[in-house]
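A.B. asks: For reference, the sequence and a predicted model appear below.
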Amino acid sequence: MGTELNPAAVNPAVVKPPSMAQGFNAMLRRDLVVAFRQRSDLVNPLFFFIMVIALFPLGIGPEPSTLQKIAPGVIWIAALLSTLLSVDSLFRQDFDDGSLELALLSPQPLFVLVLGKIIAHWLVTALPLILVSPVLGVMLYMDADTIQATLCSLLLGTPVLSMISAIGAALTVGLRKGGVLVAIIALPLYVPVLIFGTGAVEAASMSMAFGGQLAILGAFLILALAFAPFAIAAGLRISLNG
Amino acid sequence: MAFDNFAEFLAMGKHGAYVWAAYGISLLVIAANILAPILRQRALRIDIQRKIKREKLES
Amino acid sequence: MFATIKRLYHQFGSPRYFYDMTGKMLPWLIAGAVLLIIPGIVWGLAFAPPDYLQGNSYRIMYIHVPAASLAMGAYVMMAVAGVVVLVWRMKMAEMVARSIAPIGASFAFLCLITGAIWGKPTWGTWWVWDARLTSMLILLFLYIGVMALNMAIENAQSAARATAVLSIVGAVNIPIIKYSVEWWNTLHQPASISMTSSSMATEMLIPLLLCIFGFYFLFAVLLIMATRCEILQREQRSNWVRQLVENN
């Protein structure tokens, strides 16, 4: 500021709106900063994930063979539920303080900004959960190969879950009772990711190749990246403009 | 005709209970789907008529 | 041809024309449904030969299969109506889409219930995580999500548009869900007895086709009846609805 001449002051027509990449970066950085200032939102989904998984052995019994058998499903369903829990806060705050409307009015297409928000949200809520999953895998008696498959499948699958639940969150952001509704909307759409995610882990636990399942998860990720931001942007527009 | 008499038709081999239960439930679901709009239409018509009357009284 | 379709599209886009025309069409559609379903069911129940493997329990098929086909078709139709809602903002499509969801859901429910009842004598248990039944269950969940969203939003127009987005997302997902459930099914259990044998005798197939076509007529009747209610509700301030209500 001040060191260079502001072109807008000379000729307003010269001002170029920030590019799409700049809008994306700004949104990503802003959401990360906001998340790190409210650390409770950051750690709560993680603690939820750990606690749900820790309750399973208490409910079912500590036999290693049983736990090994249910481990893929337990880890995946816990990941799915904690995504669902955290996604309610994805647009809520921005909706309440009006910054979502500003995003809608900004020169960048809404889906680019939405993508930035979702990636920030995934980095903050899902990535820590993936990082602790090996520890939980050890507690559920997984072997090294299975833990590796769990890591890879969560890495590819949780962004898809975030995208899908963001669609639900976008459609319900204007409603008071959003929470359960998002779950009802998003859970049936999770099914393919759940099937192939647990499929990869199960294949690994039987020491079979799990590359195929990971490839399909990757395909889901590409599909979700390509189409979900448009659905989310459309949902936000409807929620805001009625 | 796949059955010799009416009693055999009702019995459906050993599966009478299953077949007739399935058909009975289907009949119920379809009847509910037919009745619901009929009742709703009637209620709506009464409601709209009442509104029109009220507006006439007011004016 | 194209001009005719375009004209029909615009005419049926008007709630009043839709109400008048469907009122005239309804008796014919009801007649079609009755004339197809009753012979189909009677033929299927009484005249078709028993199956050599399943005996008489297979006669549940004459409801199960049409209900399954309708539940799928209704979802696709709802998504198409959703596209019309979002792209052309047609009010009539909003009402049709809203009316489809409960009907489609009740057919999905019917398919699941008859499937469970059929499963008991065939497989020995009420429920088997069979690929088709499982994907039908998830389809029912999708319907429930659509209905819940539609009921939660108060403004009719934004409810319709939000539901349209969700039903399009769901329709894109249906094939993916179907194939993943099939893959999951082959992984977890050896091939089970499929409910409908692939090579069906003609005497069994003809009543089935009658029932499927008849159920499509029934669906048209139910949809038109529900949509007409929706029209009365949404258009109750317009003059033609008031005249219509006052005259009888």
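C.D. replies: Looks like it came in fine.

A.B. asks: While we're on residue C:123, how confident is the model there?
C.D. replies: On the pLDDT scale, residue C:123 is placed at 81.

A.B. asks: Near it, how many other residues are there?
C.D. replies: Close neighbours of residue C:123, defined as other CB atoms under 10 Å in any protein chain shown, add up to 14. Using the backbone N, CA and C atoms, a C-beta is placed for each residue, glycine as well.

A.B. asks: How many neighbouring residues does the nearest residue to residue A:148 once chain neighbours are set aside have?
C.D. replies: Once flanking residues are discounted, residue A:148 sits nearest to residue A:204: 7.0 Å by CB to CB, 6 or more residues apart in numbering or on different chains. Look at residue A:204: counted by other CB under 10 Å, it has 25 neighbours.

A.B. asks: And residue C:242, by the same measure?
C.D. replies: Neighbours of residue C:242 (other CB under 10 Å): 17.

A.B. asks: same thing with residue A:212?
C.D. replies: 14.

A.B. asks: So which elements touch the helix or strand harbouring residue C:18?
C.D. replies: The secondary structure element spanning residue C:18 is helix C:15-42 (assigned by DSSP states H and E). Applying 3 or more CB pairs under 8 Å, 6 or more residues apart in numbering or on different chains; DSSP states H and E, one finds that helix C:15-42 contacts helix C:2-12, helix C:91-123, helix C:202-234.

A.B. asks: circling back to that earlier point, quick one: classify the residue nearest to residue A:148 as helix, strand or coil.
C.D. replies: Using DSSP: H, G, I helix; E, B strand; the rest coil, the structure places residue A:204 in helix.

A.B. asks: Go through the helices and strands packed on helix C:15-42 and name the closest to residue C:143.
C.D. replies: Residue C:143 lies closest, by CB to CB, to one member of these: helix C:91-123, at 3.8 Å.

A.B. asks: So which bits of the closest one are buried?
C.D. replies: The neighbour-count check on helix C:91-123 (16 or more other CB atoms under 10 Å in any protein chain shown) flags C:91-122 as buried.

A.B. asks: phi, psi of residue C:54?
C.D. replies: Listed backbone geometry of residue C:54 is phi -100, psi 0, with angles given as degrees, to the nearest 10.

A.B. asks: Now for it, how many residues are close by?
C.D. replies: Taking other CB under 10 Å as the criterion, the count of residues near residue C:54 is 19.

A.B. asks: dump the residue contacts of it.
C.D. replies: Contact analysis of residue C:54 by CB atoms under 8 Å, 6 or more residues apart in numbering or on different chains lists C:121-122.

A.B. asks: try it again with 6 Å
C.D. replies: Residues near residue C:54 by CB atoms under 6 Å, 6 or more residues apart in numbering or on different chains: residue C:122.

A.B. asks: With residue A:130 as the reference, measure out to it.
C.D. replies: Residue C:54 sits at a distance of 48 Å from residue A:130 (criterion: CB to CB, to the nearest Å).

A.B. asks: same deal with residue C:171?
C.D. replies: When distances are taken as CB to CB, residue C:171 and residue A:130 turn out to be 31 Å apart.

A.B. asks: repeat for residue C:240
C.D. replies: Note on residue C:240: its distance to residue A:130, by CB to CB, is 60 Å.

A.B. asks: List the contacts of residue B:2.
C.D. replies: Shown in contact with residue B:2 (CB under 6 Å, 6+ apart): C:49-50.
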